[in-house]
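Peer 1: quick one: sequence and predicted model below, then my questions.
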Amino acid sequence: MPQTTVSNPIKEITDSLTELLDFTLTTGMNVFQTLTKSGTDITSKLAPAIKSLPLPSMGGCCKIPPPCWMPRELSAVASHVCPGGSATLRLRITNCGLGIRSVSAEADQGATVSPASIQIAPLHRGWLTITYNVPAAETCGQSTEILVLIRGCKDYYLRWTIAVSDRGCQCCHEIDVEDCPDLIHHWYDHFYCVRACPSDQARVIGR
């Protein structure tokens, strides 16, 4: 009784790929041996092609940010105020979490914060205002650097430079602070880093 042969498409594809790979490797080795025997300088021939290849950058997605326990740096601010004038920095803080957020701020160099702290409802915004009065005795060209610390779901800081100038007597800047929990675990994170905000964790545990 004649035997019936059943075709196996997967085996046929695998055999074809194996033959193609073997042919490619054999051809490459034959070309390499031919060039080597003829005395051709392979390095000088391949160098231009290697240099033209795009190399991966060490920046971009591979840049490791500060560890989780360090405060986040906000953009620096520069204000120009005349002697005797005042500079104002308004912080618009957004609570991106699902719990009530308590946010406070502090500043050095005699700057005042009003109010000292605020309660922000979930997904709402609040304002903190920092004011610095430039002494009337200061002259143009002098400057004062103020370090501002903000404590919410996370800690933030920014450097505020007050430059004494005759270009304006009053100055006001507004800074947006997105105070959001980081719920994504990145490859560079430590496992002991707290991902959610403290009040959000209490809300989940208390449900």
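Peer 2: Thanks, I have it. Numbering: from 1, shown residues only.

Peer 1: the helix or strand that contains residue 14 - contacts with which helices or strands?
Peer 2: Assessed by DSSP states H and E, residue 14 sits inside helix 9-37. Packed against helix 9-37, as judged by 3 or more C-beta pairs under 8 Å, 6 or more residues apart in numbering; DSSP states H and E, are the following elements: helix 42-52. The way it works is simple: take the backbone N, C-alpha and C, and place the C-beta from them, glycine included.

Peer 1: mind listing what's buried in stretch 95-102?
Peer 2: Within stretch 95-102, the residues that count as buried by 16 or more other C-beta atoms under 10 Å are 95, 97, 99, 101.

Peer 1: likewise for stretch 70-90?
Peer 2: 72, 74, 77, 79-83, 85-89.

Peer 1: and what of stretch 170-190?
Peer 2: Residues of stretch 170-190 classed as buried by neighbour count (16+ other C-beta under 10 Å): 171, 175, 177, 179, 181.

Peer 1: residue boundaries of the strands in the chain?
Peer 2: If DSSP state E is used as the criterion, the strands of the chain fall at 72-73, 77-81, 86-95, 101-107, 112-114, 117-120, 125-133, 143-151, 155-164, 170-179.

Peer 1: okay, now the sheet partners of the fifth one, with direction.
Peer 2: Pointing back at strand 112-114 there. Using DSSP bridges, the strands paired with strand 112-114 are strand 125-133 (antiparallel).

Peer 1: rebuild the buried residues of stretch 70-90 as TSV, extending it with distance to residue 37.
Peer 2: Converted to TSV, those look like this (distance: C-beta to C-beta, whole Å):
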residue	distance to residue 37
72	62
74	65
77	69
79	74
80	75
81	79
82	83
83	84
85	83
86	84
87	78
88	80
89	75
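
Peer 1: closest to residue 114 out of those residues?
Peer 2: For residue 114, the closest of the buried residues of stretch 70-90 turns out to be residue 88, at 10.1 Å, with distances computed as C-beta to C-beta.

Peer 1: what's the distance between that closest one and residue 146?
Peer 2: With distances defined as C-beta to C-beta, to the nearest Å, the gap from residue 88 to residue 146 amounts to 12 Å.

Peer 1: what touches both of these two?
Peer 2: The contact sets of residue 88 and residue 146 overlap at residue 130 (C-beta atoms under 8 Å, 6 or more residues apart in numbering).

Peer 1: in this protein, where is pLDDT below threshold?
Peer 2: Scanning the chain for pLDDT under 70 picks out the ranges 1-8, 35-36, 38-62, 168, 188-192, 194-195, 198-207.

Peer 1: hmm, 80 instead?
Peer 2: Scanning the chain for pLDDT under 80 picks out 1-11, 28-69, 167-169, 182-196, 198-207.

Peer 1: go ahead and confirm residue 78 touches residue 163.
Peer 2: Yes - Residue 78 is in contact with residue 163 according to C-beta atoms under 8 Å; the separation is 6.5 Å.

Peer 1: residue 72 versus the residue positioned nearest the centre of the chain, what's the distance?
Peer 2: Nearest to the mean C-alpha position of the chain, by C-alpha atoms, centre = their mean, lies residue 65 at 6.3 Å. In this structure, residue 65 and residue 72 are 9 Å apart, going by C-beta to C-beta.
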